[in-house]
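K.L.:
sequence and predicted structure, then a few things I'm wondering about:
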Amino acid sequence: MNLKLLRMAMCMSTETAARVLAARPDHPDGVSETTWKRWEAGKKELPPDMQEHLQKIEQTLKGILGTVAEMPRQADGSGIAYHGGRVQSPDLAYHQQLAATVWAYALGVKTKDLDDE
């Protein structure tokens with residue numbers, strides 16, 4: 001698993017990834033940024049339970065991005081709606097949506113910011 005690629009695909013800093021991606025019921029605040037950076041650099045082994053946790057997130061993201069890739073392009077008049085990012089405490093769902101929106105934009109899918117309504 002490429003942690004840096006996962007983090008970047010979700011538009012996260014290392015601090016946010018440590019806090020959001022590594023958060024689980026038994027560790028609701030995630031891990032320290034130092035720990036995340038060590039995992040990302042391969043200097044510290046990713047614990048098996050964390051690897052399983054992050055693989056689930058990665059699979060969810062791949063599913064979301066696969067759906068975005070199949071969406072009609074702007075010329076077809078349909079697309080994806082999103083919230084533009086005025087969020088107090090971005091969570092995992094927010095970053096998955098942000099990643100999907102970035103990919104949609106890159107692929108030419110029509111986007112609509114729901115916060116502008």
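P.N.:
Yep, that arrived. Numbers count the residues shown, from 1 in each chain.

K.L.:
which phi and psi does residue 27 have?
P.N.:
phi -140, psi 70 (degrees, to the nearest 10).

K.L.:
and it, bridged to which residues?
P.N.:
residue 24 (DSSP bridges).

K.L.:
number of nearby residues for it?
P.N.:
Neighbour count for residue 27, taken as other Cβ atoms under 10 Å: 12. Where C-beta positions appear, they are placed from N, C-alpha and C, glycine not excepted.

K.L.:
likewise for residue 47?
P.N.:
Around residue 47 there are 11 residues (other Cβ under 10 Å).

K.L.:
quick check: it vs residue 99, distance?
P.N.:
Residue 47 is 24 Å from residue 99, where distance means Cβ to Cβ, to the nearest Å.

K.L.:
now residue 33
P.N.:
20 Å.

K.L.:
excluding chain neighbours, what is closest to residue 18?
P.N.:
Nearest residue to residue 18, sequence neighbours excluded (Cβ to Cβ, 6 or more residues apart in numbering): residue 36, at 3.7 Å.

K.L.:
contact partners of stretch 26-43?
P.N.:
If you take Cβ atoms under 8 Å, 6 or more residues apart in numbering as the criterion, stretch 26-43 is touched by 3-4, 7, 14-15, 17-23, 44-46, 50.

K.L.:
how about 10 Å then?
P.N.:
Stretch 26-43 is contacted by residues 1-7, 12-24, 44-47, 49-51, 53-54 when judged by Cβ atoms under 10 Å, 6 or more residues apart in numbering.
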